Structures are given as C-alpha cells and as structure tokens.
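[1] 3D, please:
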Amino acid sequence: MRFDVLTIFPEYFEVMHTGIMGRAVRDGRFSLVVTNIRDYSLDKHHKTDDYPYGGGAGMVMTPDPVMRAIEAVDPDHEALRIYLSPKGVPFCQEMAEELASRERVLLLSGGYEGIDERIIELGIDREVSIGDYVLTGGELPALVVMNATARYIDGVLGSEESTDEESFASGLLEYPHYTRPRVYRGLAVPDVLVSGDHGEVAKWRAARSLEITAERRPDLLAKLGIKAPKTDG
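    Below you'll find the predicted structure:
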C-alpha cells in the first residue's frame, strides 16, 4: 500500500519513520511519499494562500498549487483522495480497515482557514474529520489516519490479535491490561487473570469491556443494541 501526503509542512511527517510505523516502512509493508505543495506554486515566494472572497478572518489555500500537486502526484486518479477537514465524515475504525484494503490513499492536509472549495469539487473524493474540534492544519489528522490504517496492513503489528481484541474492534471499549509485578503500591492484579482458567479470563474481560463501555461510551452500546449492565445500588 502507498500513502501520498500533500502538505505545506512536510517536516511533520518525519514521525512516520520512527517506532512501529518506521519499521513497517523500512520492511516495505507500506510506502509513504510526502509532497510539499509549495513546490507547485508559481508564485516567486512559493505562496499558497490568499484572502477569502466575501471577507472574513484568516487566509484560504489557493486552488492552483494544490491542484497542480494532486495532478502531479496522482495523474491517473489511482488513489482515493481524502481531504482532512473539520466538516468531513467522522473517521472511525471501520474506515481505517477499509482504507487498509486499498492500494493507494492520498491525504491532503489543508491549512489556514481551509482550502478553496473548487479543489474539493475538482480533485477530492472524500472529506474526513478526526473529531469535533478544529486544529491549525491537517497534518496531525493525516498522521492519525495513516497510523490507524497502517495497523490493519498485514505484517505491520506482527500479530492479528493486536487488532482483533482492541477497543472498537468488537464495537466496545477494551478491557484493562495488567503485567508484572503482581502487586504494585498496594494494588493487586485481579485473581482471575492469574488463575490459569482461560474461560474465566475471557468472561472477565468481556464483562469489564461491557462495564467500561457503559460507563464511558453508552452511545456505542446503543449502536449495537445492547442494554447497559445493571450496577449495584
């Protein structure tokens, strides 16, 4: 799989060459090509923004440098082209899995107050948001989308169980995790986890997952048609 990222701040994406993601790139599990939109500006100062028509605060990314970059990187429209936008459809685990099945994804990281709408009309397939808040640019959302998506590419994590049992994989939040020591600052690991009874461990994890989801994200239970568990009192 290949990710293309279009941005005016390519240095943001150095982090993709560290840790698990960096190892996956080095191992050829996926590739990442970062393109500086400023390289496609015909302005002598490599300017990519201008004042908005109709007035208002801030600047808007101009269409020509962005469209020239998109068409240079993806001339035959082979990639799914995504613009990271606060008004996009919400990014979720299911979308990450879907993107991981594609051969190529292009991510446009906007800046300033946004991009000229004609870029979206002419060159974008989907607008995607990572949450109901506004950031200074689309670089962090692009990193989030790539990280979440790459985890579903074969060989990136090294174990299918890593994605099968995590939060949202079943529609619920994940159960708590423990490791050594058995007791830390007076807090002990639940006895069931050291019992050796895998059936009881599975039941405990399922129950805790349900309880945590009911407490923190009851909307997920409603989506699954599950009633919240009864609590004492």
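[2] which residues in this protein form helices?
    19-26, 63-73, 93-100, 117-123, 139-150, 161-164, 198-216, 218-224 (DSSP state H).
[3] most tightly surrounded among these?
    helix 139-150 (a mean of 21; mean count of other Cβ atoms under 10 Å). Backbone N, C-alpha and C define where each C-beta goes, glycine included.
[4] center of the chain, which residue is that?
    V145 (2.4 Å; Cα atoms, centre = their mean).
[5] looking at this protein, which helix or strand does the model trust least?
    When each helix and strand of the chain is scored by mean pLDDT, DSSP states H and E, helix 161-164 comes last, with a mean of 55.
[6] who touches the longest strand seen in the chain?
    Secondary structure of the chain per DSSP state E: the longest strand is strand 80-90. Applying Cβ atoms under 8 Å, 6 or more residues apart in numbering, the contact partners of strand 80-90 are 70, 74, 99, 102, 104-110, 114-115, 119-120, 123-134, 138, 141-142, 145.
[7] what's the answer for stretch 18-30, then?
    1-3, 15-17, 31-32, 146-147, 150, 153-157.
[8] any idea how far stretch 206-215 is from the chain center?
    Relative to its chain's centre, stretch 206-215 lies at 24 Å (Cα atoms, centre = their mean, to the nearest Å).
[9] contact partners of it?
    So stretch 206-215 is contacted by S170, L172, L173, E174, Y175, P176, L220, L221, I226, A228, P229 (Cβ under 8 Å, 6+ apart).
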